[in-house]
Structure formats: C-alpha cells, structure tokens
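Student: build me a model from this:
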Amino acid sequence: MKDRPEAYLDYSASTPVDPRVLAAMMPYFSEVFANPSSTHRFGRQAERAIEDARATVAAVLNCRPSEIVFTGGGSESDNLALRGAAWRARASGLPSRLITSPVEHSAVTETVAQLDQLMGFKSEIVAVDRYGLVKAEAFAEACRRGGAMASVIYANNELGSINDLPKLAAIARDSGILFHTDAVQAGGQLSLDVERLGVDLLSLSAHKFYGPKGVGILYVKQGIDLASALTGGGHEAGRRAGTHNTPFIVGLARALELAYQERDERLAHFQKLRDRLIRGVLERVDPAELSGHPEHRLPSHASFVLHGIDANALLMHLDMKGVAASSGSACKTGNPEPAATLLAAGYSAESAKSGLRLSVGRNTTIAEVDYAIEALAEAVEKLGKVQREWAS
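Tutor: As a prediction, the model looks like this:
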C-alpha cells in the first residue's frame, strides 16, 4: 500500500540537524569530553573547540569573538539581554523604561512584563502597522522620552515581516538607548552583520538554521555591561554561568557557517517554493488573505488569515492529511485565544483566531507544496461547510 503523502511546512518552528553539523558535533560527545574550564590538556582541547566556534560565529556577525556569548537558546539570550541591561541600568541610576513592540516573541514580551510587574520597571509598547512592522515615528517618540533599552524583533515569527533594523537602531542610538533584537527567525536567511544593522545586542538560536536545539548566542557589543541572570562560575566572561555544552556549541557554529556559505542557493530555493505556496493558497482557498508584508518578509515564510475558519481545528485537519503547519508561533499552538500579533496588526478578534503559518525548508519539494495547497483547500472547504451547518 502506498504511503500517505506528507508535507512538513513548519520550518519556522524547527529544522532538522544537518548531517554535516551532526558529524562535527560527534567527537565532542565522547572523544573530546572534558570540561572546557579544566586546566589540563583534555580540558584545553574542549576549550579550543569552543573558542574556534566563537570565532566562526563572530566572522558571520562581523564582530569580535569576545562579543559572542553562548547560551541555552534564543529565549535565554532574550532574557539575558533584557534582564541584564535593565538591572545594570537601574544600578547605574539610568531610566527604568523598556521600549518594545506588541509583536515580539513571548521570550521578550513575558520578560518585559515580569520586569514591569514584579521589579518596578516601566514598559512602553510601540504601535505596529497592518504588516506587523514597528512604526518608526511612534518608536522615535517613545525613545525621546528616554529609557534603558529597546527591543524590536528582526523578522516576526508569525507574520514573517522584516523590520528596518538599521533605521530603528539609529533612532535608539540618537536617544542614548541600548537596542536589542530577537533575530532568531532571521538566522540563516537575513544579514547578521551587526555593524550594518547597528544593534547593541542580538539573539540567535541554532535549531532555526539546521543546528541542534538547546543552544543559542547573544551578541553583546563591546563596552556593554550586563548583569548575569545565571550566577555561579565565571563562564562567558561572567555573563552566563554554567558548564559549556561543547558539542552543541560546535554544532551551532558549523550550522551558522554552512547557512551563510550556502545562503544564496538556499534563499533561491526558499523563495521559489514560498511564492508558489502563496500563489496557490490565494488562488485555491477562498477566505485566504496574505498576512504580513507582501515583499519585506522572510524568504521561507508564508502566512495567511483564513477569515471565518478556526485555525486550531484547521491544524488538526491538516495534521490528519500529513501536513505540518502552525497557527502562529510554535509556543502558542493550541491557544484558543486570538493571536496577539494579528490583533496588534489591526485584525478583528475573530480574524485573529484564523491565522495560519506555512514555512518551507531546504528539504521541501514542489510536490510537497502542491500537496499542501490541495490539502488546505479541502480542509477549509470541509470546515467552512461544517461551520455553516452549525450556524443554520
């Protein structure tokens, strides 16, 4: 019996580990196993691997190796950036205001909320437009009122829209405010040149660009003093305590290196399939509206609002047809509440329950895209019929 067709279109949630990355990691699980903080020969071998990885990452980001902090993932990197800068600002007598947007990843929004509610910081949420992009004028106005730090996502995880980071970073810099960006979705696809972007802090996570889960980085511009949220040993120049995860750090560096060595080829593949996906969905699925910016969006990312369709029910139908998708951020899958990102972008509460994200990857084929379009059209038609029968 022929196997059922399948299509994994949730690469924005996670990617498989590249075999070349796994091969680079393997020796550090067994052969070079020592604690990198140990002073003996075996420890120095592991430490050398970490410092080589740090240099590799720094070359991609166009920064100094000393400006790279290895963490346990994107969420930890966001937490370290926000808490570390906020706490240090307070200790220095600087303003206790944090500026951000309503379309950030929850690692940023929840951290800012906790700093606000439990630690006495003040937060300001800057408005976004219909595409989920931060309004520069509103951001500038917020920055003129002063603050400790601003955090704006590089590419939105739900809508795929890409913010103009150099412009926003320059606005923050002119007001003397540190600028952080969650670049987790941008990793492997957009430029990470921190000099060009103008950012002070930048977060990445390896599993978004074919590296292992559980490891990330935080770029910290030289001269910025962060208070560590994890205390203990003096790891990462005192900015993140905890024994280094040598194989995962090696894997992150190799995955990032490959992503940018092969970037042109990968992006051409992503864009071809993404555009085919968008065209097909808009042609075949009647209630579908493209969400996010039509041009300034991630090459791998397609998102829609399917007016009148419950996204959670749709995901179950797609899963039964072998199609992996998301109703937005992977951290919010299954949440029956309207998507905060869509609400912030001006969609009604009802429409904000109908968001769908489809994202392609290196292994995606045209056949998978075409199958997903047909499966989506059939599922939407079926759900629409059921909902009309209920309404009558």
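Student: how confident was the prediction at residue 316?
Tutor: pLDDT, residue 316: 95.
Student: show me where the chain has strands.
Tutor: Secondary structure of the chain (DSSP state E): strands located at 7-8, 68-71, 97-100, 122-125, 149-151, 178-182, 201-205, 216-220, 288-290, 301-306, 323-324, 355-359.
Student: so residue 171 touches residue 136, yeah?
Tutor: Yes: using Cβ atoms under 8 Å, residue 171 is in contact with residue 136, at 6.8 Å. C-beta: built from backbone N, CA, C; applies to glycine.
Student: more crowded one of those two?
Tutor: Per other Cβ atoms under 10 Å, whichever of residue 171 and residue 136 has more neighbours is residue 171, with 22 against 16.
Student: out of the strands of the chain, which is the most enclosed?
Tutor: strand 201-205 (a mean of 30; mean count of other Cβ atoms under 10 Å).
Student: helix or strand with the lowest mean pLDDT in the protein?
Tutor: helix 235-238 (a mean of 82; mean pLDDT, DSSP states H and E).
Student: run through who's touching that one.
Tutor: 37, 66, 69, 70, 228, 241, 242, 243, 244 (Cβ atoms under 8 Å, 6 or more residues apart in numbering).
Student: likewise stretch 123-140?
Tutor: With contacts defined as Cβ under 8 Å, 6+ apart, stretch 123-140 is touched by 97-103, 112-113, 115-116, 142, 145, 147, 150, 152, 156, 158-159, 161-164, 167-168, 171-172, 291-293, 296, 341, 344-346.
Student: in PyMOL, select just the buried ones from these.
Tutor: The buried residues among these can be selected in PyMOL (16 or more other Cβ atoms under 10 Å) with this line:
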select buried, resi 97+98+99+100+101+102+103+112+115+116+142+147+150+152+156+158+159+161+162+163+168+171+172+291+292+293+341+344+345
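Student: what residue ranges in this protein score low on pLDDT?
Tutor: Residue ranges of the chain with pLDDT under 70: 1-2, 328-336, 386-392.
Student: could you pull out the helices for the stretch 151-300 of the chain?
Tutor: Per DSSP state H, counting those that start in this stretch, the stretch 151-300 of the chain has helices spanning 165-174, 194-197, 235-238, 246-261, 263-284. These are given in chain order.
Student: would a markdown table of the ones you listed with distance to residue 131 be doable?
Tutor: What follows is these, written out as a markdown table (distance: least, Cβ to Cβ, whole Å):
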| stretch | distance to residue 131 |
| --- | --- |
| helix 165-174 | 15 |
| helix 194-197 | 20 |
| helix 235-238 | 36 |
| helix 246-261 | 25 |
| helix 263-284 | 14 |
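Student: please identify the most buried of those.
Tutor: Mean neighbour count (mean count of other Cβ under 10 Å) peaks for helix 246-261 among the helices of the stretch 151-300 of the chain, with a mean of 24.
Student: run through the neighbouring helices and strands of it.
Tutor: Packing partners of helix 246-261 (3 or more Cβ pairs under 8 Å, 6 or more residues apart in numbering; DSSP states H and E): helix 19-25, helix 27-30, helix 41-61.
Student: which secondary structure elements does the first one sit against?
Tutor: In terms of contact count using 3+ Cβ pairs under 8 Å, 6+ apart, helix 19-25 is assigned the packing partners helix 246-261.
Student: and what of the longest one?
Tutor: The contact analysis (3+ Cβ pairs under 8 Å, 6+ apart) places helix 41-61 against strand 68-71, helix 246-261.
Student: how about residues contacting the shortest one?
Tutor: Taking Cβ under 8 Å, 6+ apart as the criterion, the residues outside strand 68-71 that touch it are 50, 53-54, 57-58, 61, 77, 80, 215-220, 236-237, 239-240, 244-245, 249, 252.
Student: how about a cut-off of 7 Å?
Tutor: Residues outside strand 68-71 that contact it (Cβ atoms under 7 Å, 6 or more residues apart in numbering): 54, 57-58, 77, 80, 215-220, 236, 239-240, 244, 249.
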